[in-house]
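1. quick check, what structure comes out for this input:
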Amino acid sequence: MPITCPECGNGYIFYNHKFRPPKKNDLKAWEVVSFLHENGFNYQHVHADTSVKNWWNLDNYADYPKSLSEAREFVIKYKSQAKISNS
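-> Down below sits the predicted model:
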């Protein structure tokens, strides 16, 4: 059964523990979150260098973007690690 927000009625989206939500009124930051979600990035681990054999190496995790322009570049660069298909 889907869980809905008591304030807006929209469904909840469950993100990785790494996700830190922006302030409620920071609309630009929420736009970045929405864009990343729509493109399959739900704040899961993204590996900066996929050729590295030790995928569990914390130094190999890419930082999530803070701006929409950075998010667009991030989606292009790491699209192979997205969790959904945009077909």
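
2. ok, now which ones touch the closest residue to Val75 other than its chain neighbours?
-> Once flanking residues are discounted, Val75 sits nearest to Asn39: 4.5 Å by C-beta to C-beta, 6 or more residues apart in numbering. From N, CA and C alone the C-beta is placed, and that goes for glycine too. Contacts for Asn39 (C-beta atoms under 8 Å, 6 or more residues apart in numbering) come out as 75, 79, 82, 84, 86.

3. elements contacting the helix or strand where the first one lies?
-> Assessed by DSSP states H and E, Val75 sits inside helix 68-77. Using 3 or more C-beta pairs under 8 Å, 6 or more residues apart in numbering; DSSP states H and E, the elements in contact with helix 68-77 are helix 27-38.

4. which strands and helices lie in contact with the helix it packs on?
-> Against helix 27-38 (3+ C-beta pairs under 8 Å, 6+ apart) you get helix 68-77.

5. and the helix it packs on, how far out from the chain middle?
-> Distance of helix 68-77 from its chain centroid, counting by C-alpha atoms, centre = their mean, to the nearest Å, is 11 Å.

6. what inclination does that helix have with respect to helix 27-38?
-> Relative orientation of helix 68-77 versus helix 27-38 (axes from the mean of the first three to the mean of the last three C-alpha atoms, to 10 degrees): 10 degrees.

7. so which bits of helix 68-77 are buried?
-> The neighbour-count check on helix 68-77 (16 or more other C-beta atoms under 10 Å) flags 71, 74-75 as buried.
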